[in-house]
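Novice: Provided below for reference: sequence and predicted model.
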Amino acid sequence: MRVILLLFLCFAVFSCGTEVSKHNKAENPPNIVLIFTDDQGYQDVGVFGSPDIETPNLDQLASEGVKLTSFYAAQAVCSASRAGILTGCYPNRIGIHNAMMPNSKIGLHPSETTLAELLKDNGYKTAIFGKWHLGDHPNFLPIKHGFDEYFGIPYSNDMWPNHPQQGTIFNFGPLPVFENESVVDTLTDQSQLTTQITNRSVDFINRNWDTPFFLYVPHPQPHVPLFVSEKFKGKSENGLYGDVIMELDWSVGEILKALKDNNLERNTVVIFTSDNGPWLSYGNHAGSAQPFREGKGTAWEGGHREPFIMRYPDKLKGGRTIETPIMAIDILPTLAEITRSKLPEKTIDGKSAWKVFTGEIKESPQKAYFFYYKVNELHGVRYGKWKMYFPHNYRTMSGQKPGLNGLPGNYKFIDLEDIELYDLSTDISETKNVAKEYPKVVMEIKILANDMRYRLGDSLLDIQGTETRSAGIVE
């Protein structure tokens with residue numbers, strides 16, 4: 001009997017030791033999971049006000065973490081937005097503009113430090129599963145920018161012949177799927193892509209539970225053309241678009257489950273957000289930026305303001321909402337502070353917002369945020385509660401017939417001829433221009449804008465910036 005008892009005690013001690021070893025100890029740096037959707041609107045999440053799309057996993061994530069209501073993408077279009085969140089720089093600083101086409105001769109310069117490189121230098125395993133869109137030439141693929149593993153597509157999922165109307169515009173070949181540096185498949189049907197990305201993510205977590213890791217999951221959906229697996233087809237009250245969002249929510253749930261199964265959830269930072277606002281010309285195949293104005297491709301709030309959730313149970317009290325403005329460029333320095341990683345040697349624009357997340361301070365890490373679109377045009381500035389726009393041309397679907405079932409409607413273009421100022425604390429939909437009522441505010445923002453123009457340029461005024469760097473170029 002005594003022998004049996006001793007054997008039982010030995011087994012119990014061994015089991016407890018295994019559990020402890022499989023849980024990241026408090027002194028270990030946290031794992032990082034960044035989930036980044038494509039063209040998802042602010043309102044396309046239950047906790048951000050969706051009236052007809054169920055997102056139980058994201059809602060749960062928000063209840064356990066922190067929800068930001070004033071989080072801004074670095075730019076309102078694909079490639080530039082991704083460059084901003086991965087480098088902590090305004091896209092203009094590093095020469096990345098708009099959305100890169102297939103076979104592009106430019107890409108993210110190898111000398112720029114990405115979040116993956118920053119964390120890899122600190123001992124992290126790194127992976128990206130999803131859409132890259134920062135250069136499809138071998139010189140610019142994720143493996144060249146600090147990622148140990150890559151599976152996914154090199155640019156947007158509409159850049160193929162099967163997208164309605166698109167083949168006549170671009171005439172691209174089949175959509176390639178990469179694994180690391182090799183094309184392993186070409187897609188004629190994208191309905192399993194979200195599942196494949198999710199399975200790869202779960203497998204990566206299961207394989208790397210015993211070492212710090214950075215998992216970047218930039219989903220190609222809900223960018224048009226929309227695809228969903230049979231698991232969620234017809235499940236939403238919001239048609240195909242809602243089905244797609246429900247599957248993305250499922251994907252989040254699978255990743256969270258993998259963290260829990262490996263006893264990693266407390267010491268893992270999980271971030272969910274999107275690259276820019278909804279592509280409104282696609283009507284019922286586009287999301288909603290309500291209550292904000294306009295969408296993707298504009299400097300208005302609907303183009304830049306995104307849903308954002310961050311959970312880190314070991315360090316962040318959950319169930320909180322933060323209204324302080326934070327931008328995608330602030331994510332890299334924030335995660336650098338959390339992980340005690342060295343910041344890039346080259347100048348970046350982001351600043352750590354960690355004390356905002358913890359609640360120690362309520363002020364934004366930035367004095368002002370500047371938004372760019374159409375290569376290098378300064379369109380607007382967020383300054384405290386104020387948002388000011390400079391004269392520029394922008395697109396709108398207001399008064400236009402929206403697209404239907406995957407076909408786009410036609411934008412009309414408007415010339416904003418005078419400076420416009422909005423008080424976002426009382427007018428989040430930007431309906432009342434108060435520029436004439438607050439001339440001192442207008443002057444303050446003009447001074448800030450001129451400083452930024454001097455550093456990063458503004459083609460609207462034919463100003464060349466003194467601090468810009470070139471993108472990578474294939475000779």
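Specialist: Arrived safely, thanks for sending.
Novice: Run a quick neighbour tally on Gln400.
Specialist: 15 (other C-beta atoms under 10 Å). Placement of C-beta: from N, CA and C, glycine included.
Novice: Can you classify it by secondary structure?
Specialist: Under DSSP: H, G, I helix; E, B strand; the rest coil, Gln400 falls in the coil class.
Novice: contacting residues for it?
Specialist: Counting by C-beta atoms under 8 Å, 6 or more residues apart in numbering, Gln400 makes contact with 281, 409-412.
Novice: can you pull the pLDDT of it?
Specialist: Here the pLDDT value assigned to Gln400 is 96.
Novice: Check Asp136 too.
Specialist: 96.
Novice: I'd say it and Gly152 touch.
Specialist: No: counting by C-beta atoms under 8 Å, Asp136 does not reach Gly152; the two are 11.4 Å apart.
Novice: Look at these two and report which has more neighbours.
Specialist: Taking neighbours as other C-beta under 10 Å, Asp136 and Gly152 compare with Gly152 leading, 24 against 21.
Novice: mind listing what the more buried one touches?
Specialist: 128-132, 177-178, 197, 218, 220.
Novice: Who wins on neighbours among these?
Specialist: With neighbours taken as other C-beta under 10 Å, the top of the contacts of Gly152 is Ile128, carrying 32 neighbours.
Novice: Around the closest residue to Thr113 other than its chain neighbours, count how many other residues there are.
Specialist: Excluding its sequence neighbours, the residue lying closest to Thr113 (C-beta to C-beta, 6 or more residues apart in numbering) is Pro344, at 3.6 Å. By other C-beta under 10 Å, 20 other residues sit near Pro344.
Novice: Can you give me the distance of Asp243 to Ser191?
Specialist: 11 Å (C-beta to C-beta, to the nearest Å).
Novice: Ok, Pro225 next?
Specialist: Separation of Pro225 from Ser191 (C-beta to C-beta): 11 Å.
Novice: pretty sure the residue nearest to Thr113 contacts Gly88?
Specialist: Yes: the pair Pro344 and Gly88 passes the contact test of C-beta under 8 Å, sitting 7.1 Å apart.
Novice: and for the two, which residues touch both?
Specialist: Residues touching both Pro344 and Gly88 (C-beta under 8 Å, 6+ apart) are Leu332.
Novice: Quick one: residues contacting the residue nearest to Thr113.
Specialist: Shown in contact with Pro344 (C-beta under 8 Å, 6+ apart): 87-88, 112-113, 118, 332.
Novice: pLDDT score assigned to it?
Specialist: Note on Pro344: pLDDT of 98.
Novice: any idea which helix or strand carries Asp210?
Specialist: Under the criterion DSSP states H and E, no helix or strand holds Asp210.
Novice: Give me the neighbour count for it.
Specialist: Counted with other C-beta under 10 Å, the neighbours of Asp210 add up to 12.
Novice: What distance do you get for it to Glu149?
Specialist: From Asp210 to Glu149 the distance is 17 Å (C-beta to C-beta).
Novice: And for Asp249?
Specialist: To Glu149, Asp249 is 24 Å away according to C-beta to C-beta.
Novice: Tell me which of the two has more neighbours.
Specialist: Applying other C-beta under 10 Å to Asp249 and Glu149 shows that Asp249 carries more neighbours, namely 22 against 19.
Novice: Double-check that that one belongs to a helix.
Specialist: Yes: assessed with three-state DSSP, Asp249 lies in a helix.
Novice: Show the contacting residues for it.
Specialist: 54-58.
Novice: Need the pLDDT of the nearest residue to it once chain neighbours are set aside.
Specialist: Leaving aside its chain neighbours, Asp249 sits nearest to Thr55 (4.2 Å; criterion: C-beta to C-beta, 6+ apart). Note for Thr55: predicted pLDDT of 98.
Novice: What count of nearby residues applies to Thr55?
Specialist: Other residues lying near Thr55 total 25 when counted by other C-beta under 10 Å.
Novice: Determine the three-state secondary structure at the nearest residue to Lys367 once chain neighbours are set aside.
Specialist: Once flanking residues are discounted, Lys367 sits nearest to Leu448: 7.1 Å by C-beta to C-beta, 6+ apart. Secondary structure, three-state DSSP: Leu448 is helix.
Novice: distance of Leu448 from Gly380?
Specialist: For Leu448, the distance to Gly380 - C-beta to C-beta - is 12 Å.
Novice: Then His304?
Specialist: Separation of His304 from Gly380 (C-beta to C-beta): 9 Å.
Novice: Which stretches in the stretch 1-150 of the chain count as strands?
Specialist: Under the criterion DSSP state E, counting those that start in this stretch, the stretch 1-150 of the chain contains strands at 31-37, 66-72, 106-107, 125-131, 149-153.
Novice: and stretch 407-422, how far from the chain's centre?
Specialist: Centre-to-centre, stretch 407-422 and its host chain are 24 Å apart (C-alpha atoms, centre = their mean, to the nearest Å).
Novice: Dump it to CSV, keeping only the CA atoms.
Specialist: In CSV, the C-alpha atoms belonging to stretch 407-422 read as follows (Å, rounded to 0.1, in the frame of the first residue of the first chain):
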residue,chain,number,x,y,z
LEU,A,407,-20.8,44.2,-58.3
PRO,A,408,-19.8,47.7,-57.3
GLY,A,409,-21.8,50.9,-57.6
ASN,A,410,-20.3,54.1,-58.9
TYR,A,411,-18.7,56.7,-56.6
LYS,A,412,-19.1,60.3,-57.2
PHE,A,413,-16.2,62.7,-56.5
ILE,A,414,-16.4,65.8,-54.5
ASP,A,415,-14.0,68.7,-54.2
LEU,A,416,-13.7,70.0,-50.6
GLU,A,417,-12.9,73.6,-51.3
ASP,A,418,-12.4,75.1,-47.9
ILE,A,419,-11.0,73.9,-44.5
GLU,A,420,-13.6,72.1,-42.4
LEU,A,421,-13.5,71.5,-38.7
TYR,A,422,-15.6,69.1,-36.6
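Novice: On the three-state scheme, the residue lying closest to Tyr90 once chain neighbours are set aside is what?
Specialist: Excluding its sequence neighbours, the residue lying closest to Tyr90 (C-beta to C-beta, 6+ apart) is Asp349, at 4.9 Å. Here Asp349 is coil, with the state taken from three-state DSSP.
Novice: Shouldn't Phe214 be within a helix?
Specialist: No: using three-state DSSP, the assignment for Phe214 is strand, not a helix.
Novice: what about it, how many neighbours?
Specialist: So Phe214, with other C-beta under 10 Å, has 27 neighbours.
Novice: Hmm, it is touching Glu117, no?
Specialist: No: using C-beta under 8 Å, Phe214 makes no contact with Glu117, being 10.0 Å away.
Novice: so where is the chain shaky, pLDDT-wise?
Specialist: The model of the chain has pLDDT under 70 over residues 1-26, 165-171.
Novice: That concludes my questions; thank you for your assistance.
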